[in-house]
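**Student:** generate coordinates for the sequence data below:
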Amino acid sequence: MEIIDNFLDKKDFLIIQNAILNGTISWYFQKGKDRDYGDDAENELDQYQFTHLFYNNFEPCSSFFKILEPLVKKLNVSSLIRIKANLNPHNTTLSQGIFHTDYNRKNQKTAVFYINDCNGYTLFKKPNKKVYSKANRVVIFDSNTPHSGTNTTDKKRRVVLNINYYEL
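**Tutor:** Okay, here's the model as predicted:
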């Protein structure tokens with residue numbers, strides 16, 4: 001696991017942050033925070049999020065994908081699989097999602113790129129480690145690493161980009 005602060009140049013980061021936080025992109029309601037929730041997601045009132053899919057199944061699916069090029073380049077991506085923005089709204093209680101893996105493919109990486117500062121975090125099962133949401137921070141890890149995310153109690157929303165890829 002690697003944690004890097006100030007990952008992008010300020011100019012590149014602000015273009016991404018402004019597009020995502022200032023209402024430029026569309027958000028879509030997801031009744032669960034990951035694929036593992038299944039039918040129980042309707043009953044878990046605090047386990048939902050809004051998402052925007054930039055890239056999926058090896059092709060762009062958002063007209064805003066181009067703004068992410070500096071991020072993709074800096075990650076040394078050889079092949080992208082998916083880039084998804086997750087927006088977890090504020091709640092009065094900090095709520096953690098279930099532990100999950102993004103994919104179980106060999107040599108695949110996941111990068112969680114934090115768009116805004118807040119008291120939410122990504123929790124890793126092993127090692128038991130919290131990586132707090134700090135704007136322009138990235139945490140990079142093997143895609144088969146169990147992890148979960150939270151909402152936030154001190155800001156209106158917690159926003160991250162979840163990037164799944166193969167390295168150069």
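
**Student:** got the contact list for the lengthiest helix in the chain?
**Tutor:** Counting by DSSP state H, the longest helix found in the chain is helix 10-21. Helix 10-21 has contacts (C-beta atoms under 8 Å, 6 or more residues apart in numbering) with 7-8, 24-25, 52, 64, 67-68, 70-71, 85, 115-116, 135-136, 159, 161. Heads up, the C-betas are built off the backbone N, CA and C, glycines and all.

**Student:** and the strands in this protein?
**Tutor:** 2-4, 28-30, 49-56, 59-60, 77-89, 108-114, 121-124, 129-132, 138-142, 147-149, 157-167 (DSSP state E).

**Student:** low-confidence ranges, this protein, go.
**Tutor:** 32-47 (pLDDT under 70).

**Student:** rewinding a little: need the strands of the chain in a markdown table with distance to S95, can you?
**Tutor:** Below are these laid out as a markdown table (distance: least, C-beta to C-beta, whole Å):
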| stretch | distance to S95 |
| --- | --- |
| strand 2-4 | 23 |
| strand 28-30 | 15 |
| strand 49-56 | 11 |
| strand 59-60 | 32 |
| strand 77-89 | 9 |
| strand 108-114 | 17 |
| strand 121-124 | 12 |
| strand 129-132 | 14 |
| strand 138-142 | 20 |
| strand 147-149 | 10 |
| strand 157-167 | 11 |
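
**Student:** adding distance to I16 and mean neighbour count, write those strands out as a markdown table.
**Tutor:** Converted to a markdown table, the strands of the chain look like this (distance: least, C-beta to C-beta, whole Å; neighbours: other C-beta atoms under 10 Å):
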| stretch | distance to I16 | mean neighbour count |
| --- | --- | --- |
| strand 2-4 | 15 | 13 |
| strand 28-30 | 19 | 12 |
| strand 49-56 | 10 | 19 |
| strand 59-60 | 15 | 12 |
| strand 77-89 | 10 | 19 |
| strand 108-114 | 8 | 22 |
| strand 121-124 | 18 | 20 |
| strand 129-132 | 19 | 14 |
| strand 138-142 | 12 | 19 |
| strand 147-149 | 19 | 21 |
| strand 157-167 | 8 | 21 |
